[in-house]
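Participant: Sequence first, then the predicted structure, then my questions.
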Number of protein chains: 2
Amino acid sequence: MNAQRDYDALVSQGLKLDLTRGKPSPRQLALSDAMLTLPSSYVARNGMDGRNYGDLQGLAELRELFGPLLQAPAEQLVVGGNSSLAIMHDTVVHALLGGVPGGAERWVEAGEITFLCPVPGYDRHFTICERFGIKMVAVPMTAGGPDMDVVERLAASDAGVKGMWCVPKYSNPSGISYSAETVRRLASMRTAAPDFRIFWDNAYAVHHLTGTHDEIADILALCAEHGNPDRAFVFGSTSKVTWAGSGVSFFGGSPANVEWFLHQTSKQSIGPDKVNQLRHVEFLRDADGVAAHMRAHAAIVRPKFEVVDRILAKELADVATWTSPRGGYFIALEVPHARRVVELAKAAGIALTPAGATHPYREDPDDRFIRIAPTFPGLEDLEQAMRGLVVCARLAAS
Amino acid sequence: MNAQRDYDALVSQGLKLDLTRGKPSPRQLALSDAMLTLPSSYVARNGMDGRNYGDLQGLAELRELFGPLLQAPAEQLVVGGNSSLAIMHDTVVHALLGGVPGGAERWVEAGEITFLCPVPGYDRHFTICERFGIKMVAVPMTAGGPDMDVVERLAASDAGVKGMWCVPKYSNPSGISYSAETVRRLASMRTAAPDFRIFWDNAYAVHHLTGTHDEIADILALCAEHGNPDRAFVFGSTSKVTWAGSGVSFFGGSPANVEWFLHQTSKQSIGPDKVNQLRHVEFLRDADGVAAHMRAHAAIVRPKFEVVDRILAKELADVATWTSPRGGYFIALEVPHARRVVELAKAAGIALTPAGATHPYREDPDDRFIRIAPTFPGLEDLEQAMRGLVVCARLAAS
């Protein structure tokens, strides 16, 4: 058997390669090393001492910089700590323990509640639901985003359907961006729950890889236009703009949602790290500064996506399909017996995100999705890992 | 009336002074300005790239530095973001929504739960309880900490008594440090709830103002020794060591509590801001570095405490009592008609922490406590504010 022989040869190489998590590579991180000696001043534009307590909403100059990029007015944006995941987690906590605007009760008292989860999706979203006993219902992705016929039916049918996870641009892991029609339907659809919330995780808002930029419709504006102003919570961060561990995060929403979020947050913190906010403003400067910085990222990342695409196209086109995103951090590979492929790869020293991680409860019913995260390894390691992955996929398919 | 005439004269000065919050002064913040251009390297001692994701527990070198200062073994310490208040808030959330080790249920399902609150105490602790509907029962402070006869009786009598707030050293706002006997009784007392927790907010662990350092008994060691290893959650931060908005915070506890905390936190974040951790390690260096840094703080802060003490002793000894702490950030003034004093001061342009803030539900039954926060204003402003406060207290008492 050719496939077995190839696999045995692969194992004998004793590789140690990692395609698991969407981490920036050291070369990408180095693009922000000027921040090591910033800010040059601790004084905010309004004269506030950035070193001291206060300013729960975050510096206006930073909110003005990221407002247009996240499609939220600066006054409807809040700057958080180093993790947008933490803001999402805490937003769910606030809803569970305090309810949300327009809701009649705290979610913890609302009986069984359900979130809609487009699949393939982001495992850490699912983990938050699982931790809090929030039921997850998978919704298939189409080329234009989640299947809206399914979403509309589920959201309208059950007042226990309180939320939905969305990564609307360069989605994790498919790289798909939601069509204007999808966003319009999300904003306008009827929901049985008056306090239904879309968790709009715009993690890859500025993470273009090519000259053709995906742009998505303005969820906050559309929700307001369709009489559902409080429907969407918007999230974003600079974790994959500046430094993965030391960026800033954002919460955006309607005026009522922002007031609610700040009220909840006021019990939790006296204020964010404003020195890091000043550091970011001084380093990124303005929208042009962000765009130039993201082009430098793309110059490092794009060749890696191309390697993946090239190897898959050459070696696996007969048994697999995959996405070729114009941005973001991931490629979704669909291949028979995904779980077996990941096991084989592991035994050959190639770490992949566990098969199933793309689905609620880690259950991919067709056992076919593998999330490929090509950013962290160097080009040679990536090429070697992908060639190994091909061998594993061939053996599993045989 | 002399008092009324003095007050009218005070009002006519049109002052604008603020003694409300325990904020470091700009001179104190400037002590850490070397951090503006740190760290010089983003590489942790173990070789980890501090700029990237990961290391949920925080850098070992920082945990080793602060472990002895917070009386927690480095391996039983976790480093968090810029706010220990956020860690305390989130710890309550984790207990509500996930239960704690040794507990039979999530606190949200435990019926009415109660926290013991030594008074005078810290308003933001009370706010966390109030937000989550946790009942608060006030416990009077003595010269050696909370009245342990009361604490022991309440803790043993009701399984709904799940927690207790403690600021054990240079307490907010009295400046009292718990005696060894108090700590021993806290560690060894019988509690009706098997999952009772002491929230040990050691906010002023290294914040000595004089050469005579208050030291407190080791709560974690004593709890373990008395067969209650999981009883205490320890909290601390550098908010009043380096920068109030841009420090690092700590969670400490038994191995089981630390494992529990990290498990909960793993759903919330991919890791803390390690660049800021490296910044702190490089700047503070070691325990001697911290001690020298805190002596520089004390040189700025001590004269302010002395001004307060001197003016009160000279002008108000006949109607008021107050504490003369050897550390921390606050002085607790006891004076008749505290609420009226604060109102009068406000009308004269002197902002004080609202009377009652030192008590659960903002209800000081004797209407006598005022928290004085002398650190932020300059010496002249402070002197003027204190002289104004004396005038207000005299008028209220007359």
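Facilitator: Yes, it's here. Numbering: from 1, shown residues only, chains lettered A, B, ... in the order given.
Participant: ok, longest helix in chain A?
Facilitator: Identified as the longest helix of chain A according to DSSP state H is helix A:287-315.
Participant: Can you identify the element that follows that one toward the C-terminus?
Facilitator: strand A:321-322 (DSSP states H and E).
Participant: can you give me how far the next helix-or-strand element following that following strand is from the chain middle?
Facilitator: Scanning forward in sequence from strand A:321-322 by DSSP H and E, the next helix or strand is strand A:331-334. Taking C-alpha atoms, centre = their mean, to the nearest Å, one finds the center of strand A:331-334 at 16 Å from the center of the full chain.
Participant: Adjacent strands (with direction) for strand A:331-334?
Facilitator: strand A:321-322 (antiparallel), strand A:369-372 (antiparallel) (DSSP bridges).
Participant: and A:Met1, what pLDDT?
Facilitator: As summarised for this prediction, A:Met1 has a pLDDT of 61.
Participant: before we move on, the earlier item: of all the strands paired with strand A:331-334, which one is nearest A:His293?
Facilitator: A:His293 lies closest, by C-beta to C-beta, to one member of the strands paired with strand A:331-334: strand A:369-372, at 24.5 Å. Where C-beta positions appear, they are placed from N, C-alpha and C, glycine not excepted.
Participant: buried residues in the longest helix of chain A?
Facilitator: A:290, A:293-294, A:297-298, A:300-302, A:304-305, A:307-309, A:311-312, A:315 (16 or more other C-beta atoms under 10 Å in any protein chain shown).
Participant: what pLDDT, on average, does that helix get?
Facilitator: 98.
Participant: And stretch A:73-85, by the same measure?
Facilitator: pLDDT averaged over stretch A:73-85 gives 97.
Participant: what's the answer for stretch A:149-168, then?
Facilitator: 98.
Participant: what do you get for stretch A:358-377?
Facilitator: 97.
Participant: Need the CA coordinates for that stretch. PDB is fine.
Facilitator: Output of stretch A:358-377 as PDB, limited to C-alpha atoms (Å, rounded to 0.1, in the frame of the first residue of the first chain):
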ATOM      1  CA  THR A 358     -15.000  23.400  15.000                       C
ATOM      2  CA  HIS A 359     -18.300  22.200  16.300                       C
ATOM      3  CA  PRO A 360     -20.400  22.500  19.500                       C
ATOM      4  CA  TYR A 361     -19.600  19.700  22.000                       C
ATOM      5  CA  ARG A 362     -16.600  18.800  19.700                       C
ATOM      6  CA  GLU A 363     -19.000  16.800  17.600                       C
ATOM      7  CA  ASP A 364     -18.600  17.100  13.900                       C
ATOM      8  CA  PRO A 365     -21.400  14.800  12.600                       C
ATOM      9  CA  ASP A 366     -19.700  14.200   9.300                       C
ATOM     10  CA  ASP A 367     -16.200  13.900  10.800                       C
ATOM     11  CA  ARG A 368     -14.800  16.100   8.100                       C
ATOM     12  CA  PHE A 369     -13.600  19.500   9.300                       C
ATOM     13  CA  ILE A 370      -9.900  20.200  10.200                       C
ATOM     14  CA  ARG A 371      -8.900  23.800  11.000                       C
ATOM     15  CA  ILE A 372      -5.500  24.700   9.600                       C
ATOM     16  CA  ALA A 373      -3.700  27.500  11.300                       C
ATOM     17  CA  PRO A 374      -0.700  28.400   9.100                       C
ATOM     18  CA  THR A 375       0.500  31.600  10.700                       C
ATOM     19  CA  PHE A 376       2.900  30.500  13.400                       C
ATOM     20  CA  PRO A 377       5.300  28.100  11.800                       C
END
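Participant: that older thread, what is the longest helix of chain A packed up against?
Facilitator: helix A:26-30, helix A:60-70, helix A:274-284, strand A:321-322, strand A:331-334, helix A:379-397 (3 or more C-beta pairs under 8 Å, 6 or more residues apart in numbering or on different chains; DSSP states H and E).
Participant: hey, C-alpha coordinates of stretch A:127-142 in PDB?
Facilitator: Taking C-alpha atoms only, stretch A:127-142 is exported to PDB below (Å, rounded to 0.1, in the frame of the first residue of the first chain):
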ATOM      1  CA  THR A 127     -16.400  26.600  25.500                       C
ATOM      2  CA  ILE A 128     -18.100  29.600  27.000                       C
ATOM      3  CA  CYS A 129     -21.500  28.200  26.300                       C
ATOM      4  CA  GLU A 130     -20.500  24.800  27.600                       C
ATOM      5  CA  ARG A 131     -19.100  26.200  30.800                       C
ATOM      6  CA  PHE A 132     -22.400  27.900  31.600                       C
ATOM      7  CA  GLY A 133     -24.700  25.200  30.500                       C
ATOM      8  CA  ILE A 134     -26.000  27.100  27.500                       C
ATOM      9  CA  LYS A 135     -27.300  24.700  24.900                       C
ATOM     10  CA  MET A 136     -25.700  25.000  21.500                       C
ATOM     11  CA  VAL A 137     -27.400  24.400  18.200                       C
ATOM     12  CA  ALA A 138     -25.300  24.100  15.100                       C
ATOM     13  CA  VAL A 139     -26.200  26.100  12.000                       C
ATOM     14  CA  PRO A 140     -24.400  25.200   8.700                       C
ATOM     15  CA  MET A 141     -22.300  27.900   7.000                       C
ATOM     16  CA  THR A 142     -22.900  28.700   3.400                       C
END
